[in-house]
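Asks: What follows is a predicted structure for the sequence shown.
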Amino acid sequence: MKRSRRLRWQAAALMTASALAVAACSSSSSPSASSTSSGSSSAALTASAPGITATTITIGSHQPLTGPAAPGYSEIAPASAAYFAYVNANGGIYGRTIKYTYLDDAYNPTTTSSDVRQLVLQDNVYAIFNGLGTPTHLAAVSFLNSEHIPDVFVASGCECWNAPSQYPETFGWQIDYVREGKILGQYVAQHFKGEKIGYFYQNDEFGQDGVKGLDYEIPASSVVSRQTYVPTNVAIAPQVAALKASGAKVIVAFSIPAFTALLKLYTLKLNYNPTLVVSNVGTDPITLGGLVSAFAKQSGTTLNGSALINGIITDGYAPSLGNLTNSWTALWKKVHDQYDAKAPFDGNVVYGMEVAYSFVQAMFKAGRNPTRASLVTAIEAGLPQGPIVAPYAYSATDHAGMTGAYIGKIQNGVIVQEGPVLTTDTSATGAITNYTGTEEQAPASGIPSASP
Amino acid sequence: MRTFLPRLGAAVVLGVIAWYLSRTLNQFRDYQIAEIAVYVTAVAGLTVLTGLSGQISLGNGAFMAIGAYTTALLLIHQSWPFYAALVVAGAAAAAAGGVVGIAAARLRGPYLAGATLLLGVALPSIALAWPGVFGGDQGLNVVFTVPSFLGANFPLTRWQAWVSAAVALVTLLLLANLMYSRIGRNWRAVRDDEVAAALDGINVAATRVRAFVVSAACAGLAGSLLAVVTGLVGPGAYTVTLSIQLLTAAVIGGLGSLPGALWGSLIIVLVPTYITDVATSHGQSATVGANIPIAAYGVVLILVMLVFPQGIQGGLRRLLIAFFGPNQKSRTWRIAPTSDVTPSADEPSASQHEKEGTI
């Protein structure tokens, strides 16, 4: 029995080419942020729950370290790990050190599904912390809740995490996209009255929730075009052309950083100069500026990305990175320089540290010998604001995170706050009000206090 | 019957191994057994298509999506039992495979690869076009439970491993039978020389279409299994990457060889996790650590192709022959497409070999 070799060689050649493509999309890994304990007394500490020993707390996460969502977002987990290393080096949580294992899911839900099973069934983590992405985390949420694993501070503003009766273990953290849409929408309605407005958004829960909030505030008659994209298709020229053709003077975008950058570049290419209003998740200035420069370079042009993105309107929920005298920013800078110096000091890094801070707050509240249930109870009893400008919504009936944000503008690589902190709810009629509470100062130790 | 019994025996042995492993290893390994079984089911179909009938498909991930969405919709809206949905999922994918196969029967080589690639890229996007039916990017949640007779504390992952392994083994058994039947002989005849096959009275087009139907049916079954194993059916899981992974597994395992489908699936599922564990335990920095598995995975693929150009199964056969002499060659040895060709790049001599070709 004999055959032509031609097909075999065709297959082999195809294989070689495919191998790298496959590799680029397959699973990957991470370091864990373990560090030596500072040797505090552990007399009363017990292995009170799976993933908790007398000396350690093991938590896990799924993160897009490679793949389409990696630019920017891949910095988050190492930054959280850096903050945990800082806590571990300064006494830990009641003396226990945090071990943080995050696995790469390349933003692919099937890989997420496998990752969380590895973390829960094999690595025996105490909780899943800050799992990143809406479509990805949706592939994990049912499993985690059926196994009664605390699923805290999901890195996504989907309203879907706030479902205490269906997902009692799951908690959101960052401001949800509906609230964010309302706050951005109100600003647009007030400042661009009578102008033609276009939408550009990711065609999933992220974009749709944001648009839901926008539509509560922006009159439907002034929205002249609604364009969507999917993260797997970077050819968005038709959408941008349609926005230009509609005559929109303002584009409100709910997009991830790579697509905000593409949007900016395509408007330039078409000689179209609308005002851009972009969701917080798509506008970290360092990431965005870098992406604009990098994409322009790929097509053979040299552009100064960080200059081009000046003036983009967005929102923020933490102190601006431009102000190093702010106690929180100074703390993040200190931790960054000591434990994560290779990463740029940008919004993603600070995000990772802030959410890690919230987790440490919650763990202190959960008690000296926490169970999985006591962590959930602790968060449901409410968390202090910490570095965040607006209060959290946490209660037994509400698992949403932050309730407000301020409007800001990108100026020279940072988001500069414009106007007051605004809080609201997720309903169509809920008012948007100025928040008058004072912001907390960072603790001198850099670690939340044990007494809530 | 003479050849069926040993194959049945091999399937039973594999089944016992899977059963034993699922009871002794932890639940995550159970999940990996299920994942491997899903891949084996899909890769076995593809290896038959490419290795035996000589056609290439970069769209089998799309057939898996058809199986998965069929299963999800039947379970959610019709509350069908999973086993009925599994069969229908296989049938739906087979029907789609028939349609694609009719078009594919006219195409060769890179053109066929391109056409099926188009299917692999385009089909998952349908889910985004009708989010009301297919759940959009978010996908559809599938609930799969342990039957009550196993008790309340029986781990779901172990049940998933059992079901998936059973489906994979039955699929392998059926495919093995098919390979040694008239249909399988026709496939090989068409693959080796279409003109000679046609002169022998074989309907070339129908034979090629039949291979596509079988391959798509396997992919549909695998998709259906993947739906209940991961609990979610979304377009993100069935991208063209999946199709390419299936082909990768088929080629590194050994094209046209069913044991090769098992080797390839083992590599696809276990190597990334293993390297992840190694990289984690060595505490690599984030930027390096995230990319080591990708690089290492690429190196493994390239090495396998260099050292075992006929895939792992081909390599194992060579080792067997080296140790025990040529008498040890098994039936699969004679049937596998690439086993008697030494690895070299002297493409021009292919025509010479063709002249020598025997059927």
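Replies: Yep, it's here.
Asks: C-alpha from now on. contacts and neighbour counts both.
Replies: Noted.
Asks: Tell me the confidence at the residue lying closest to residue B:177 once chain neighbours are set aside?
Replies: Leaving out its chain neighbours, the residue that sits closest to residue B:177 by CA to CA, 6 or more residues apart in numbering or on different chains is residue B:4, at 7.1 Å. Residue B:4 is assigned a predicted lDDT (pLDDT) of 79.
Asks: likewise residue A:320?
Replies: Residue A:320 is assigned 84 on the pLDDT scale.
Asks: What's the local residue count around it?
Replies: Neighbour count for residue A:320, taken as other CA atoms under 10 Å in any protein chain shown: 17.
Asks: And it, how close does it get to residue A:417?
Replies: Separation of residue A:320 from residue A:417 (CA to CA, to the nearest Å): 7 Å.
Asks: How about residue B:116?
Replies: With CA to CA as the criterion, residue B:116 and residue A:417 are 51 Å apart.
Asks: Mind checking which of these two has more residues around it?
Replies: Each of residue B:116 and residue A:417 has its neighbours counted (other CA under 10 Å); residue B:116 has more, 23 against 20.
Asks: Run through the residues that contact the more buried one.
Replies: B:57, B:58, B:59 (CA atoms under 8 Å, 6 or more residues apart in numbering or on different chains).
Asks: same thing with residue B:198?
Replies: Shown in contact with residue B:198 (CA under 8 Å, 6+ apart): B:190, B:204.
Asks: buried sites along the helix or strand containing it?
Replies: Assessed by DSSP states H and E, residue B:198 sits inside helix B:194-199. Under the neighbour-count criterion of 16 or more other CA atoms under 10 Å in any protein chain shown, helix B:194-199 has B:194, B:197 buried.
Asks: how distant is the following helix or strand past that helix from the center of its chain?
Replies: Next helix or strand after helix B:194-199 toward the C-terminus (DSSP H and E): helix B:204-230. Relative to its parent chain, helix B:204-230 has a centroid offset of 9 Å by CA atoms, centre = their mean, to the nearest Å.
Asks: other SSEs contacting helix B:204-230?
Replies: helix A:109-117, helix B:27-47, helix B:60-77, helix B:82-104, helix B:156-179, helix B:182-192, helix B:194-199 (3 or more CA pairs under 8 Å, 6 or more residues apart in numbering or on different chains; DSSP states H and E).
Asks: hmm, back to that, for the helix holding residue B:198, give the mean pLDDT please.
Replies: For helix B:194-199, the per-residue pLDDT averages 92.
Asks: What count of nearby residues applies to the residue in the stretch 101-250 of chain B that chain A sits nearest to?
Replies: Using CA to the nearest CA, residue B:192 is the residue of the stretch 101-250 of chain B that sits closest to chain A, at 4.7 Å. A count of nearby residues for residue B:192, using other CA under 10 Å, gives 25.
Asks: Quickly note the distance from it to residue B:109.
Replies: Counting by CA to CA - residue B:192 and residue B:109 are separated by 14 Å.
Asks: same thing with residue B:297?
Replies: 27 Å.
Asks: Please apply the same query to residue A:315.
Replies: To residue B:109, residue A:315 is 53 Å away according to CA to CA.
Asks: one step back: distance to residue A:343 added to the helices and strands packed on helix B:204-230, as a markdown table?
Replies: As requested, these are arranged in a markdown table below (distance: least, CA to CA, whole Å):
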| stretch | distance to residue A:343 |
| --- | --- |
| helix A:109-117 | 25 |
| helix B:27-47 | 33 |
| helix B:60-77 | 37 |
| helix B:82-104 | 47 |
| helix B:156-179 | 38 |
| helix B:182-192 | 54 |
| helix B:194-199 | 59 |
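Asks: all helices for chain A, in order.
Replies: Secondary structure of chain A by DSSP state H: the helices cover A:6-25, A:70-73, A:76-89, A:109-117, A:134-146, A:177-191, A:205-217, A:237-246, A:257-269, A:285-298, A:305-308, A:327-339, A:347-365, A:372-380.
Asks: mind checking how far residue A:258 is from residue A:199?
Replies: Distance from residue A:258 to residue A:199, by CA to CA: 17 Å.
Asks: per-residue pLDDT, residue B:230?
Replies: 88.
Asks: for the chain, what are the low-confidence residue spans?
Replies: Answering for chain A, as no chain was given. In the predicted model, chain A carries pLDDT under 70 at residues A:1-43, A:450-452.
Asks: looking at chain B here, not the other one
Replies: B:1-2, B:279-290, B:326-359.
Asks: Show me the residue at the heart of it, geometrically.
Replies: residue B:43 (0.9 Å; CA atoms, centre = their mean).
Asks: before we move on, the earlier item: higher neighbour count, residue B:297 and residue B:109?
Replies: The neighbour comparison of residue B:297 against residue B:109 (other CA under 10 Å) goes to residue B:297, with 25 against 15.
Asks: in stretch A:271-283, what's buried?
Replies: Quick answer for stretch A:271-283 (16+ other CA under 10 Å): A:272, A:274, A:275, A:276, A:277, A:278, A:279, A:280, A:281, A:282, A:283.
Asks: Oh, that last question was meant for stretch A:438-452, not what I typed.
Replies: Within stretch A:438-452, the residues scored as buried using 16+ other CA under 10 Å are A:442, A:446, A:447, A:448, A:450.
Asks: Could you do stretch B:77-90 as well?
Replies: B:82, B:85, B:86, B:87, B:88, B:89, B:90.
Asks: Next one: the last one relative to residue B:100, how far apart?
Replies: Using CA to CA, one obtains 15 Å as the distance from residue B:90 to residue B:100.
Asks: picking that back up, among the buried residues of stretch B:77-90, list the two that are farthest apart in space.
Replies: Spanning the widest gap among those are B:82 and B:90, at 12.2 Å by CA to CA.
Asks: Would you tell me which residues of the stretch 201-350 of chain A are close to chain B?
Replies: A:203, A:204, A:205 (CA under 8 Å from any CA of the partner chain).
Asks: Now tabulate the residues you listed in JSON lines and tack on neighbour count and distance to residue A:164.
Replies: Below are these laid out as JSON lines (neighbours: other CA atoms under 10 Å in any protein chain shown; distance: CA to CA, whole Å):
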{"residue": "A:203", "neighbour count": "22", "distance to residue A:164": "26"}
{"residue": "A:204", "neighbour count": "23", "distance to residue A:164": "22"}
{"residue": "A:205", "neighbour count": "20", "distance to residue A:164": "18"}
